[in-house]
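Chemist: Build me a model from this:
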Amino acid sequence: MPAEAHRVFRAGQPAERFWLLSGGEVALDFPVPGRGDIGIETIGAGGVLGWSWIFPPYRWQFGAVAVRRTTTVEFSAEGVRRLIESDDALGRQLTLRLMAVVVDRLQASRGRLLELYG
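Modeler: Numbering: from 1, shown residues only. Here you go, the predicted structure:
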């Protein structure tokens, strides 16, 4: 994973992998017209970076920047999607866990928007 202040990906780019963070921090953001990239939340050790790879059209919904040097385990989206298709139990568990990440990110986004515009 990248060093501090490195952009990992931008919203709208192809989502071809995801990461489990074992150290460091990555900040999530999203572009707001006229305001630039607005920070949503920071993911630390034990967190998951990336869920957009599991749902078509496989494009990042948020952007990500390494806040400080980060260590990760990287997964190929295509490979994991093949595993999910071949093993229903694994697919169900992984989808449930990723949906929890999606819900957390959407709640963080909602909270951030309320801070900015509420």
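Chemist: hey, let's count contacts and neighbours off CA atoms from now on
Modeler: Noted.
Chemist: now the end-to-end length of stretch 69-87.
Modeler: End-to-end distance of stretch 69-87: 35 Å, with C-alpha to C-alpha, to the nearest Å as the criterion.
Chemist: next one: that stretch to chain centre, how far?
Modeler: 13 Å (C-alpha atoms, centre = their mean, to the nearest Å).
Chemist: In the chain, where's the longest helix?
Modeler: helix 88-117 (DSSP state H).
Chemist: What is that one packed up against?
Modeler: For helix 88-117, the elements it packs on are strand 36-44, helix 77-86, judged by 3 or more C-alpha pairs under 8 Å, 6 or more residues apart in numbering; DSSP states H and E.
Chemist: List the buried residues for the longest one?
Modeler: When neighbours are counted by 16 or more other C-alpha atoms under 10 Å, the buried residues of helix 77-86 are found to be 77, 80, 84.
Chemist: Show residues contacting it.
Modeler: 15-18, 53-54, 90-92, 94 (C-alpha atoms under 8 Å, 6 or more residues apart in numbering).
Chemist: What separation do you get for Phe55 and Ile38?
Modeler: 23 Å.
Chemist: For the two, indicate the residue with more neighbours.
Modeler: Ile38 (17 against 11; other C-alpha atoms under 10 Å).
Chemist: Could you list everything Gly44 pairs with in the sheet?
Modeler: Glu25 (DSSP bridges).
Chemist: need the contact list for it.
Modeler: Counting by C-alpha under 8 Å, 6+ apart, Gly44 has contacts 21-26.
Chemist: Name the nearest of the residues you listed relative to Leu106.
Modeler: Val26 (16.7 Å; C-alpha to C-alpha).
Chemist: I figured that closest one hits Thr70, correct?
Modeler: Yes - Val26 lies in contact with Thr70 (C-alpha atoms under 8 Å); the separation is 7.5 Å.
Chemist: ok, the two, which is more surrounded?
Modeler: Per other C-alpha under 10 Å, whichever of Val26 and Thr70 has more neighbours is Val26, with 29 against 18.
Chemist: Thanks again, I'm all set now.
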